[in-house]
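Asker: got a sequence here, can you build the structure:
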Amino acid sequence: MKYLFTLLTALFAITANAQELNKKLEDQIKHKQIMLNQCSRDGLVSFPEFKDSYDANYAAYNPDSTSFNALEKLLKNKKIRVVLGTWCGDSKFQVPHFLKIIDALKVHESDVTFIAVDGKKQAENGLLDGLNIERVPTFIFTDKNGKEIGRIVESPKKSLELDMIDLLTAKK
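Answerer: Modelled structure (predicted):
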């Protein structure tokens, strides 16, 4: 009986801490429907406030395929965390471009995590603890152990492809 009680308590704790994937709510700053916390790609690209911009910007972007050989090698054993705002113009522009690049490179879905923030650039349950997010989108590249290699904040300096090569090469 004691074992059963311990098991039930552990399950309750896990359930209580579980995040709602693709959480939607009314943002108190932006006064519109947003997504918050961890999102799936499908949830993100089908979210009405994001979808129209996503569809147009994804279709219109022509990635620099000359950078693909270098990027394929540099992205091996890397994880990417994308912190974005579904309300944010830069996110609506840059995230579709980024997704077109990683689609072309066949980056595995499990290597990319999406975290949506509110108008204060915050998420719940410690998702952003220690990340110092000031602007979105922020693309954070980590090694297989979770150590940050570098980030692209808001807009790339050259292009997403070239900025990724620069930051992943500089930190090798």
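
Asker: so for stretch 155-167, what gets flagged as buried?
Answerer: By neighbour count on 16 or more other CB atoms under 10 Å, the buried set for stretch 155-167 is 156, 160-165, 167. For the C-beta atoms, the positions are set from N, CA and C on the backbone; glycine is no exception.

Asker: ok, stretch 144-158 next?
Answerer: Buried residues in stretch 144-158, counting neighbours by 16+ other CB under 10 Å, are found at 149-153, 156.

Asker: so which of those sit within strands?
Answerer: Applying DSSP state E to these, the entries found in strands are 149-153.

Asker: and the pLDDT at Lys172?
Answerer: Here the pLDDT value assigned to Lys172 is 51.

Asker: ok, and Glu129, which helix or strand is that part of?
Answerer: Check again: residue 129 is Asp, not Glu. Per DSSP states H and E: Asp129 is located in neither a helix nor a strand.

Asker: beta-bridge partners for the spatially closest residue to Asp27 that is not a sequence neighbour, please?
Answerer: Distances taken as CB to CB, 6 or more residues apart in numbering put Ile34 closest to Asp27, at 4.4 Å, once the chain neighbours are dropped. Here Ile34 shows beta-bridge partners Leu25, assigned using DSSP bridges.

Asker: wait, Ile34 sits on Gly85?
Answerer: Yes. Contact criterion CB atoms under 8 Å: Ile34 and Gly85 qualify, at 7.1 Å.

Asker: need the residues touching each of those two.
Answerer: Counting by CB atoms under 8 Å, 6 or more residues apart in numbering, the contacts common to Ile34 and Gly85 are 116, 118-119.

Asker: for Ser155, list the residues it contacts.
Answerer: 90, 94.

Asker: what's the answer for the one 10 residues further on, then?
Answerer: For Ile165, the residues meeting the contact criterion (CB under 8 Å, 6+ apart) are 67, 70-71, 74.

Asker: now do 10 Å
Answerer: Ile165 makes contact with 64, 67, 70-71, 73-75, 158-159 under the criterion CB atoms under 10 Å, 6 or more residues apart in numbering.

Asker: and it, how far from Asn69?
Answerer: Look at Ile165 and Asn69: by CB to CB, to the nearest Å, they are 10 Å apart.

Asker: again, but for Ser53
Answerer: From Ser53 across to Asn69, the span is 30 Å (CB to CB).
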